[in-house]
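J.: quick one, structure for this:
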Amino acid sequence: VPGHGDSPPAETVATEQGRVAFLDHVLQELGMQRPVLVSPSMSGRFALPFLLAWGDRLAGFVPVAPVGTKDYTAEQYWRVQTPTLILYGDRDTSLGPQALQSLRHLPRHRVAVVPDAGHACYLDKPENFHQALLGFLRQLK
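T.: Reported below is the predicted structural model:
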C-alpha cells in the first residue's frame, strides 16, 4: 500500500477519504465485484474505513490483527452487515486481542485464532491460516 514498505508516500492517501477512494479505485481497476477483503496489519488503515463506508460491496471481510480498530465506535461497527472472519495468532498478545475488542462489535463475525503464531500468523502458520480462511470462504454465499 502507498506509504508502507518500499512504496513512497502518497498525498492522495493522507486522509481516510483518500484511502477509501484509493482502495475503491484498485478494486474497480481489477474488475472485482463483491470481493472478500483480507486486511493484515497496516492495511487496516485502508480496509477499515472502506468496510465502514462500502461494506455492502464486499462479500466478506477478513481482518488479520489490523491497525486502526480503535479509531471507530461500537455503533459504527454494529451497522456493518458484512460477514467477517476476525483472525489473529495466539502469540500476538497486543494487536490481535486489541483488534478483537473493537471488531467483536461487527454483528456477523466469527473468530479464528491461529495456534502458536505471532502477529504475521499467515507467515508463521500458513497451513492453519489458510484452513481458517478457506473454511470462511466456503460458508459465504
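
J.: and stretch 89-109, which residues are buried?
T.: The neighbour-count check on stretch 89-109 (16 or more other Cβ atoms under 10 Å) flags 89, 91-92, 95-96, 98-100, 102-103, 105-106, 109 as buried. (C-beta placed from N, C-alpha, C; glycine too.)

J.: now swap in stretch 30-48 and tell me
T.: 36-41, 43-48.

J.: ditto for stretch 73-82
T.: 76-77, 80, 82.

J.: CA-only coordinates of stretch 132-141, as CSV, when you get a sec.
T.: Output of stretch 132-141 as CSV, limited to C-alpha atoms (Å, rounded to 0.1, in the frame of the first residue of the first chain):
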residue,chain,number,x,y,z
ALA,A,132,-9.4,-20.9,8.6
LEU,A,133,-9.6,-18.6,5.6
LEU,A,134,-10.9,-21.4,3.2
GLY,A,135,-13.4,-22.5,5.8
PHE,A,136,-14.8,-19.0,6.0
LEU,A,137,-14.8,-18.6,2.2
ARG,A,138,-16.8,-21.8,1.8
GLN,A,139,-19.5,-20.5,4.0
LEU,A,140,-20.1,-17.3,2.0
LYS,A,141,-22.9,-17.3,-0.4
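
J.: many thanks, I have nothing further to ask.
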